[in-house]
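[1] Turn this into a structure:
(one chain, ligands or ions: 2)
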Amino acid sequence: MTKIPVILDVDTGIDDALAILLTIDQPNLQLLGIACVYGNGPIEETYRNTRSIAKVLNIKVPISKGSAYPMINKILHSREVRSLKDFGTLKIDLDAEKHVMLASAMYVKLLGETIEPVTIIATGPLTNVAHVIQNHPELLPNIKAISFMGGSLSVGNITRFAEFNAYSDPEALNIVLNSNLPLTMAGLDITRSTLITSKDILKKVKTPNPTQKIFIDLIDFYTEKNKHKENLEGIQIHDSFAVMAVSKLEMFVGEMKPITVNISKDERRGEITVTSEAPNVFVLNTVTSKSMINVTVDSIHHLEVTP
Ligand code: RIB
Ligand code: CA
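    Ligands and ions are numbered 1, 2, ... in the order given. Model prediction:
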């Protein structure tokens, strides 16, 4: 099978963690590296969480530290509900790092040396990706496409107009939208309705091994937080949609739309609208929740104990 080379760009919170697991579980994806960005928490936290998940999953690709703040505006952290500050059940002793790889250096290296053009799967604010597009135009031919979780054509989740990743750095999203690269958007319109609980996992994973238990416990921990903070019965797996749009696009119904983002400073900042221009983004419209839950359950079911 020809594998699709991908780079993940994450702001590891619980749904990014499940998206990382899902990525390495897809037989047709080859993960080249992971770039971290601020978002669900400060960069130190999202970087640490990503390294923790990578250690649990025995992921050996480069993990790099990216932007600590948006391109031009003040930083915004999520409403803690996805933040992993208290990554409750996961206390991983991380090895001290002799050298921290910067995301920009990782992108230049991986995109510079790749034979096959690479698909970027972005599940946080698009700040790192926008910097690559702006500062390294020579690398654009080596980017096959960008699949991103972000935006909403309906109600937002951080303001009533905007989704969190778009709102965190609309200038970055605007650069991506105007990059002429093939783009796929997994917005709240398709991601918000799929909720997963540990019950879904335990239907298939009858006797969890220690590695599976880490993910089951994390899902339980954040299900409890969601119940109180967002009145949700489970956790939303927003970021997994951006992964499956690359691995199995046939699961989805979508259409090309002319998308723009509001970069003003008014209350509609970060709002996504459909214009009358030429279509520039493949927007995912529908998928069966069952299929998204199934691929997530399978990714945990396939987990072996980490060596
Ligand atoms: O709005 C949801 C998005 O914001 C998800 O990617 C979540 O992880 C946060 O980054
Ligand atoms: Ca995310």
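
[2] at contact distance from ligand 2, anything in the strand or helix carrying residue 145?
    According to DSSP states H and E, residue 145 maps onto strand 143-149. No - using C-beta under 5 Å from the ion, strand 143-149 stays clear of ligand 2, with a minimum separation of 6.3 Å. For every residue, glycine as well, the C-beta is placed using N, CA and C.

[3] How far does that strand sit from its chain's centre?
    Put simply, strand 143-149 sits 11 Å off its chain's centre (C-alpha atoms, centre = their mean, to the nearest Å).

[4] Surely residue 213 is within a helix?
    Yes - under DSSP: H, G, I helix; E, B strand; the rest coil, residue 213 sits within a helix.

[5] how far away is whatever residue of the stretch 201-307 of the chain ends up closest to ligand 2 from residue 15?
    Residue of the stretch 201-307 of the chain nearest ligand 2, by C-beta to the ion: residue 239 (4.8 Å). The gap separating residue 239 from residue 15 is 5 Å, by C-beta to C-beta, to the nearest Å.

[6] Over to residue 67?
    Using C-beta to C-beta, residue 67 is found at 20 Å from residue 15.

[7] between these two, who's got more neighbours?
    Set residue 67 next to residue 15 and count neighbours by other C-beta atoms under 10 Å: residue 67 wins out with 28 against 25.

[8] contacting residues around the more buried one?
    Contact partners of residue 67, counting by C-beta atoms under 8 Å, 6 or more residues apart in numbering, are 37, 38, 43, 103, 125, 127, 128, 131.

[9] Is there a neighbour count for the spatially closest residue to it that is not a sequence neighbour? I'd like the number.
    Excluding its sequence neighbours, the residue lying closest to residue 67 (C-beta to C-beta, 6 or more residues apart in numbering) is residue 127, at 4.1 Å. Residues lying near residue 127 (other C-beta under 10 Å) number 28.

[10] Residue 127 reaches residue 169, doesn't it?
    Yes - at 4.8 Å, residue 127 and residue 169 qualify as touching, with contact defined as C-beta atoms under 8 Å.
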